[in-house]
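>>> just a sequence and a predicted model for now, questions to come.
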Amino acid sequence: MRIHFRDHVINLEVQHRMGQPPVTVKVVTRRLSLFGHIAHADPAEDHVCALSACVDVPPKDWKWPQGRPRHMWLQMVEQHLRPQHLGLWTALQQG
């Protein structure tokens, strides 16, 4: 790329020159890929059972811990599935 370390070139310019997509696109792609891997797995496997248990409604007596709400992996996957008009259960059923 012939960029000297003293040159003042912003990251977006380097990314544009290399023709690379933003890192966020890679993160979303890999997150959905992992979800697809789990969704396609045998329903008797532990990770599929854990995913199904997380998608279900938590028990009535269960409470979130105090403090700032955490971004959970499943919430992020659900956000990435929304543009495709899919929910977690729908995506799991199609898996």
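Okay, I see it. Residues are numbered from 1 along each chain as shown.

>>> every contact and neighbour count from this point should use C-alpha atoms.
Will do.

>>> pLDDT below threshold where in the protein?
For the chain, the stretches with pLDDT under 70 are 55-59, 62, 64-65, 69-70, 94-95.

>>> what residues are up against the residue nearest the centre of it?
Nearest to the mean C-alpha position of the chain, by CA atoms, centre = their mean, lies residue 31 at 3.4 Å. Applying CA atoms under 8 Å, 6 or more residues apart in numbering, we find residue 31 in contact with residue 77.

>>> same thing but 10 Å
By CA atoms under 10 Å, 6 or more residues apart in numbering, the contact set of residue 31 is 25, 37, 73, 74, 76, 77, 80.

>>> do the same with residue 24
residue 30.

>>> what are the phi and psi values at it?
Backbone torsions of residue 24, given as degrees, to the nearest 10, read phi -60, psi -30.

>>> I'd like the distance between it and residue 53.
28 Å (CA to CA, to the nearest Å).

>>> got it, and residue 86?
Going from residue 86 to residue 53 by CA to CA gives 19 Å.

>>> got a markdown table for the contacts of residue 31, with distance to residue 13 too?
Converted to a markdown table, the contacts of residue 31 look like this (distance: CA to CA, whole Å):
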| residue | distance to residue 13 |
| --- | --- |
| 25 | 17 |
| 37 | 34 |
| 73 | 31 |
| 74 | 33 |
| 76 | 28 |
| 77 | 30 |
| 80 | 27 |
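
>>> and these, which of them are in helices?
Counted as lying in helices by DSSP state H, out of these, are 25, 37, 73, 74, 76, 77, 80.

>>> who touches the residue nearest to the last one when sequence neighbours are not counted in this structure?
Closest residue in space to residue 80, ignoring its immediate chain neighbours: residue 28 at 7.0 Å, by CA to CA, 6 or more residues apart in numbering. With contacts defined as CA under 10 Å, 6+ apart, residue 28 is in contact with 34, 76, 77, 79, 80, 81.
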